[in-house]
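**Student:** Compute the structure for the input listed below.
(2 chains)
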Amino acid sequence: MEPHEFDKYIGSKLREAENARGNRDMSGMNRVWSTIGPQLGKRTSFAWMKVAAVVLLLLMPSVYLYQRNREQGRQIRVLNSKLTMLDRDYRQKLQAISLNQPEKVVVHHDTLKLIRTVEKKVIPETVEIVKYVTDTVIIYKQPDVVRNLVESEPDISPAEITKSGLQVSPAKTEYILSKDGTSARKKNKSRSFQVSLGTGNNSAQAEPELAFKTKL
Amino acid sequence: MNEQLLINQCKKHERRAQKQLFEDLYVPLFRLARRYLVNPHDAEEVLGNAFIRVFNNIGQFEYRGEGSLLKWINTIVINECIRFLSRYKPVLVEEDVALLVAESGFDDLSTDYDAEEIQDIIDHMPAGYRTVFNLFAMEGYSHQQIAFILTISEGTSKSQLSKARNYIIEKLKFRTRYGTA
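**Tutor:** Here you go, the predicted model:
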């Protein structure tokens, strides 16, 4: 037997053995198909990719605007809640003023600035203004006294008397309180003025009910 | 279904045509893979990978008459088998041509061996011998082609073939003398 005949002989015997196995070789067919089947999906064509890219490109500004809108909406909601909080605070302070309790008013509001009592520096027999702030409010327990004070004091202008207070702009003024605490006198070389704080208000003796704040 | 029509439908990734082609070619391709890989589960795994490659690349296939598709797919399956065998260690290492084994004993062989017996000898043959023998004797590749496929020299291919033949002859003689080992 020649080598090539030997190869043919072995080849034919192997094919014979394969044929003898018959259907046993098919046993794994379904298993193999179930493995490869899911991996044989339709390929996305290049044209579809281009269309998808264009759609994405067109959507980008919309997405940007949507995000911006959401962000601004969120900011508006935050500001709204702050405004609500400020408004509630404002009303509380206004109520405190109505109840004639200026010493409790401590917050400067956007539209209504009030004097803090701690800003008054009280020297015996003297109420000295030591801090000067723009657009402040002077609060008196006795509006009539204020009115008299303003009318007699040309440096204080323009004045607006409210229900419970007086808004004053600018003047640097010092007042000297009388010993009994019932009157105040402007401490000024050129001009002086004295005003009666009126009667019937005991708190005027305990603590002068004057709060001054003027513009620097 | 006409082979060319089936190919065209597979090129359009039509699932029914793909399954038809798979069912038509599964058995011959399984037997082909089984010649290189003894374990049938390994042959199934390789066949799965080969079919995926076939369906993914069928767009590049040019139909050149009846049987050209099977030949193309056969090549893919064989390459997949060799890739599988080389996964952990090289199928073959270079050999000195001077070590070529003289082939002898063909004349002493009878021609009435059992097919199962020969299949068993081939299954137990070293992978390198089996691969070269299959490529040369079963697929009809030349030593030059085998050398290219296995990235070895032609001398190594020739040497492996003669060793494979001698191995089969020795085993057949042994079985003749002492029965199944």
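
**Student:** what stretches of chain A score poorly on pLDDT?
**Tutor:** Scanning chain A for pLDDT under 70 picks out A:41-45, A:96-216.

**Student:** Domain-wise, how is it divided?
**Tutor:** With domains defined by automatic domain parsing, chain A comprises A:46-99, A:117-206.

**Student:** Kindly report the same for chain B.
**Tutor:** As assigned by automatic domain parsing, chain B contains the domains B:3-85, B:97-178.

**Student:** same question for the shortest one, mean pLDDT?
**Tutor:** Just to be clear, that refers to domain B:97-178. Here domain B:97-178 scores 82 as its mean pLDDT.

**Student:** same thing with the longest one?
**Tutor:** pLDDT averaged over domain B:3-85 equals 89, rounded to a whole number.

**Student:** That domain and chain A, are they touching?
**Tutor:** Yes: residues of domain B:3-85 are located near chain A by Cβ under 8 Å from any Cβ of the partner chain, namely B:13, B:15, B:18-19, B:22-23, B:26-27, B:30-31, B:34-35, B:40-41, B:44, B:47-48, B:51-52, B:55. For the C-beta atoms, the positions are set from N, CA and C on the backbone; glycine is no exception.

**Student:** Just the buried subset of those, written out for ChimeraX, thanks.
**Tutor:** Of the residues of domain B:3-85 next to chain A, the buried ones go into a single ChimeraX selection, burial set by 16 or more other Cβ atoms under 10 Å in any protein chain shown:
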select /B:13,18,22,26,27,30,31,34,35,40,44,47,48,51,52,55
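
**Student:** Among the residues of domain B:3-85 next to chain A, which lie within strands?
**Tutor:** Here DSSP state E is the test, and those give no hits in strands at all.

**Student:** The residues of domain B:3-85 next to chain A in helices, which ones?
**Tutor:** The helices, defined by DSSP state H, take in B:15, B:18-19, B:22-23, B:26-27, B:30-31, B:34-35, B:40-41, B:44, B:47-48, B:51-52, B:55 from the residues of domain B:3-85 next to chain A.

**Student:** burial of A:Tyr66, as a residue count?
**Tutor:** As a burial measure, A:Tyr66 scores 11 neighbours (other Cβ atoms under 10 Å in any protein chain shown).

**Student:** Residues of chain A that sit close to chain B?
**Tutor:** Residues of chain A lying close to chain B (Cβ under 8 Å from any Cβ) are A:1-3, A:5-11, A:13-14, A:16-18, A:20, A:25-26, A:28-29, A:31-33, A:35-37, A:39-43.

**Student:** show me where chain B has helices.
**Tutor:** B:3-11, B:15-36, B:40-57, B:68-85, B:115-123, B:127-133, B:143-150, B:154-178.

**Student:** Most tightly packed of those helices?
**Tutor:** Most buried of these by mean neighbour count (mean count of other Cβ atoms under 10 Å in any protein chain shown) is helix B:127-133; its value is a mean of 23.

**Student:** hey, C-alpha coordinates of it in CSV?
**Tutor:** Provided in CSV are the C-alpha atoms of helix B:127-133 (Å, rounded to 0.1, in the frame of the first residue of the first chain):
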residue,chain,number,x,y,z
ALA,B,127,-3.4,17.0,18.2
GLY,B,128,-0.5,18.1,16.0
TYR,B,129,-0.4,14.8,14.1
ARG,B,130,-4.2,14.7,13.8
THR,B,131,-4.4,18.3,12.5
VAL,B,132,-1.8,17.8,9.8
PHE,B,133,-3.2,14.4,8.9
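
**Student:** now for that helix, which elements pack on it?
**Tutor:** With contacts defined as 3 or more Cβ pairs under 8 Å, 6 or more residues apart in numbering or on different chains; DSSP states H and E, the packing partners of helix B:127-133 are helix B:15-36, helix B:68-85, helix B:143-150, helix B:154-178.

**Student:** and the angle from the third one to helix B:68-85?
**Tutor:** Read that as helix B:143-150. Relative orientation of helix B:143-150 versus helix B:68-85 (axes from the mean of the first three to the mean of the last three Cα atoms, to 10 degrees): 60 degrees.

**Student:** and what of the last one?
**Tutor:** Our comparison of helix B:154-178 with helix B:68-85, counting by the same axes, to 10 degrees, yields an angle of 80 degrees.
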